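A.B. asks: Sequence and predicted model, in that order:
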Amino acid sequence: MDELRIRLTQKQSEFDLAIDRYVNTFFGGAKGGGKSYGLRNILLKRRFDYPGTRGVIFRKTYPELYNNHISPILTAYPFLRRYYSQQNKEFNFPNGSVFMFRHCQYERDLSLHQGVEYHDLGIEEVGEFPEEWFWILKGCNRSSIPGIIPRTALTGNPGGIGHKWLKRLFVDRDFKEDEDPNDFKFIQSRVFDNPAIMENDPGYIKILKSNKNPLLVKAYLEGSWDLQAGQFFDTVSRETHFIDPFEIPDHWERFGAYDFGYNHPAVFGWFAVDEDGRVYLYRELVKAQTMIEDFVNEIMQYEDTFKLHGGIHAGHDCWAKRDGVSVAEKFEKYSHDRISLEKAYIDRVPGAMQVRDYLYPRAHESGEKKPLFLIFKNCPVSFDTLTRMQHDTKKPEDVLKVDADKNDPYAGDDCYDMIRYGLMSRPNTSEPQEKEVVDRWDRSSKRSIDWRTV
């Protein structure tokens, strides 16, 4: 007779008990802590413990769901294959329970689940989801069956766009007025608590330790949430990089950068370079839902726009033909050929490394450590964007792509892209200004008084 035998570690058993007791349980922390195994097996078991119920696991893409959950279930319990529908991506059991697997990669995917009732809502790698998406999916976590209480089970690692809100709710327990502390439970995940990894793949610890970013090592190995885990530009600080504006000397090299957008904002940045090669972002223009003609006209209100002799570097989407005319062509048209865009170097990983390099404080002749990139305080959106950028957990050497939220069009990575385009243009160091030499000659006595520079 076929039996469903599920073995759980101590931490996974804590996860199981917490799901029974709490409305929202988050099993989060280190990589390799057995979170995926625990989530799928606990929700599978609950389909038999609670007949006639519906459980679901969400992830960004279907291949992730298949590789992480569906395939392991079919391998571990081949007798369940008869209940699996490849077309519907779900198990339909004889007791009336259904175990489903759903992807949610884009905001538009959320609408596919409106009106659906999930008694157990599981979200894997919830740190990849904006908080707004989480609460929208929570709206599907309900029950019309007497005696069945809806539960939410989450797994994830420190970092990602969800790091801040997950840490607030589950780790710091910093609740808002309408949030009940009794609804939230956190189970700390550590790789050392997973005997399967420790016994079968001891080299995995070495892999986690080999990451060059100490913040990620602490986050992924120990499951630490006490750091700004996942922050890509970990050297950026308000005290060092965010400076009071000053008048840019006329002889400094200037250049611009542009990231196109409409629903998410369009961003234009004005840069200057001093004699030491230090780059300053001295003005930003960040506008959502603004027509290109109006945006160009606003740029042209600043006289120094026409002094950007180092070029204006823009994303390649500006050369895509929209309605037969590209953004680059519209810039030339609306500026009467006074503003031309140049194609930026857009490779993401080298760009991320370049921005990080410019932000790194280095020894200066003054004795202080100074970075090669500074931001004027009249560019707050750009500075805030840099502080929010996270590691892409799938590609840690890159910055995680973040789209603007419809409720906050400035929450995306648009300013970062603009800065990346600018710094990847390899800005030229400004030549020192030639000092005027004044002839101090006493013509009456025909003798030299002195030679001075002023």
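C.D. replies: That came in fine, so what should we check first? Quick caveat: nothing in here was measured; it's all calculated off a predicted structure. Residues are numbered from 1 along each chain as shown.
A.B. asks: Tell me the buried residues in stretch 313-332?
C.D. replies: Within stretch 313-332, the residues that qualify as buried by neighbour count (16 or more other C-beta atoms under 10 Å) are His313, Ala314, Gly315, Cys318, Ser326, Val327, Ala328, Glu329, Lys330, Phe331. C-beta: built from backbone N, CA, C; applies to glycine.
A.B. asks: Do I have it right that the second one meets Ile346?
C.D. replies: No - with contact defined as C-beta atoms under 8 Å, Ala314 does not reach Ile346; the gap is 9.4 Å.
A.B. asks: where along the stretch 51-200 of the chain do the strands fall?
C.D. replies: 54-59, 84-85, 90-92, 98-103, 120-123, 151-156, 184-189 (DSSP state E, counting those that start in this stretch).
A.B. asks: Quick check: which helices or strands does the shortest one pack against?
C.D. replies: By that I understand strand 84-85. Under the contact criterion of 3 or more C-beta pairs under 8 Å, 6 or more residues apart in numbering; DSSP states H and E, strand 84-85 touches strand 90-92.
A.B. asks: Please list the outside residues in contact with the strand it packs on.
C.D. replies: With C-beta atoms under 8 Å, 6 or more residues apart in numbering as the test, strand 90-92 has contacts from Leu44, Arg47, Ile73, Leu80, Tyr83, Tyr84, Ser85, Val98, Phe99, Met100, Phe101.
A.B. asks: Could you check the pLDDT of the last one?
C.D. replies: Read that as Phe101. Among the per-residue scores, Phe101 holds a pLDDT of 98.
A.B. asks: Would you confirm that it contacts Pro63?
C.D. replies: No - contact between Phe101 and Pro63 fails when scored by C-beta under 8 Å: they sit 11.1 Å apart.
A.B. asks: Compare these two (neighbour count), which wins?
C.D. replies: Phe101 (24 against 10; other C-beta atoms under 10 Å).
A.B. asks: For the more buried one, give me its contacts.
C.D. replies: Per C-beta under 8 Å, 6+ apart, neighbours of Phe101: Val56, Ile57, Arg59, Tyr62, Leu65, Tyr66, His69, Ile70, Lys89, Glu90.
A.B. asks: any chance of those in TSV, with distance to Thr9, neighbour count and pLDDT too?
C.D. replies: TSV is the format used below for those (distance: C-beta to C-beta, whole Å; neighbours: other C-beta atoms under 10 Å; pLDDT from 0 to 100):
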residue	distance to Thr9	neighbour count	pLDDT
Val56	24	23	98
Ile57	19	26	98
Arg59	22	25	95
Tyr62	28	14	92
Leu65	23	21	96
Tyr66	24	17	96
His69	18	23	97
Ile70	22	20	97
Lys89	27	16	97
Glu90	27	18	98
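A.B. asks: Can you redo these as CSV, where the extra columns are distance to Met300?
C.D. replies: Converted to CSV, the contacts of Phe101 look like this (distance: C-beta to C-beta, whole Å):
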residue, distance to Met300
Val56, 52
Ile57, 52
Arg59, 47
Tyr62, 47
Leu65, 50
Tyr66, 52
His69, 54
Ile70, 56
Lys89, 53
Glu90, 57
